[in-house]
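Q: Generate a structure from the sequence data that follows.
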Amino acid sequence: MMASIYDTFGSPVGELLVAGDGVALTGLYMQEGPGRVEPDAAWRRARQPFAAVREQLEEYFAGGRTRFELRLALAGTEWQRRVWEALERVPYGEPVSYGELAGRLGRPSAARAMGAANALNPISIVVPCHRVVGANGALTGYAGGVERKRFLLALEARAKG
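A: Coordinates of the predicted model:
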C-alpha cells in the first residue's frame, strides 16, 4: 500500500479506515469485520484530504450516489488491477457472479483467480467487490463480513428501486 496519511470515521457498516497518499485514495477498510487494517506507524492522521471520500460515502449510504468520483491508486499485480477495474464497471445494484466477471475479463475458467483478486481489493465499497456473488446468487466471503455485504447489496437494491 502506498499510503502516507489516513483517517477513520463511522458509517452504517461500522468504522471505516481510509488511507491515501495525499492525492489519491489507496485504501478503504471496514474495521469491524475480518478485514481490519491497522494504520502503519509511519502514516499520519489527516482529516481534510479525505473530505470528498467522506462526503461521497455519506451520499452513497443515503441512497443518493450510485457512482464514486474519486482519484484512486490501486496497487497490485496486473491481474488484480484488471479485476478491480472490472469491478468498477459492475453496475450499481446489479450483482454479478465470480464466473460471469471472469468471463468479462476473457478468462471464463478463472473464477477462483478472480475471487482471490476480489478478496484483496484494497478499496472496499468504492471498488464494489460486494457486488460479486456465488454462481447461485449466494453471498460468499467478504472482508467486511457477509452481514455487511448483505447490507450493501440491500442498500443498493432499495435505492435503485
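Q: Check the offset of the lengthiest helix in the chain from the chain's centre.
A: Assignment by DSSP state H gives helix 146-160 as the longest helix of the chain. Its chain's average C-alpha position is 13 Å from that of helix 146-160, according to C-alpha atoms, centre = their mean, to the nearest Å.
Q: Run through the neighbouring helices and strands of that helix.
A: If contacts are counted by 3 or more C-beta pairs under 8 Å, 6 or more residues apart in numbering; DSSP states H and E, helix 146-160 sits against no helix or strand. Yep, even glycine has a C-beta here, placed from its N, CA and C like the rest.
Q: what sits up against that helix?
A: 12-14, 30, 33, 61, 63-64, 66, 92-93, 95, 125, 128, 130-131, 133, 139-140, 142 (C-beta atoms under 8 Å, 6 or more residues apart in numbering).
Q: Next: stretch 104-118.
A: Residues contacting stretch 104-118 (C-beta under 8 Å, 6+ apart): 76-77, 79-80, 82-84, 86-87, 96-99, 101-102, 129, 132, 135, 140.
Q: Tabulate the CA atom coordinates of it in PDB.
A: Extracted in PDB, the C-alpha atoms of stretch 104-118 (Å, rounded to 0.1, in the frame of the first residue of the first chain):
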ATOM      1  CA  ARG A 104     -16.000 -10.500 -18.900                       C
ATOM      2  CA  LEU A 105     -12.200 -10.500 -18.400                       C
ATOM      3  CA  GLY A 106     -11.800 -13.100 -21.200                       C
ATOM      4  CA  ARG A 107     -10.900 -15.800 -18.700                       C
ATOM      5  CA  PRO A 108     -14.200 -17.700 -18.100                       C
ATOM      6  CA  SER A 109     -12.400 -20.600 -16.300                       C
ATOM      7  CA  ALA A 110     -10.600 -18.200 -13.900                       C
ATOM      8  CA  ALA A 111     -13.500 -17.700 -11.400                       C
ATOM      9  CA  ARG A 112     -11.300 -18.700  -8.500                       C
ATOM     10  CA  ALA A 113      -8.400 -16.500  -9.500                       C
ATOM     11  CA  MET A 114     -11.000 -13.700 -10.000                       C
ATOM     12  CA  GLY A 115     -12.300 -14.400  -6.500                       C
ATOM     13  CA  ALA A 116      -8.800 -14.300  -5.000                       C
ATOM     14  CA  ALA A 117      -8.100 -10.900  -6.600                       C
ATOM     15  CA  ASN A 118     -11.500  -9.700  -5.500                       C
END
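Q: got the residue ranges for the helices in the protein?
A: Under DSSP H, the chain gives helices at 51-61, 78-88, 98-104, 111-119, 146-160.
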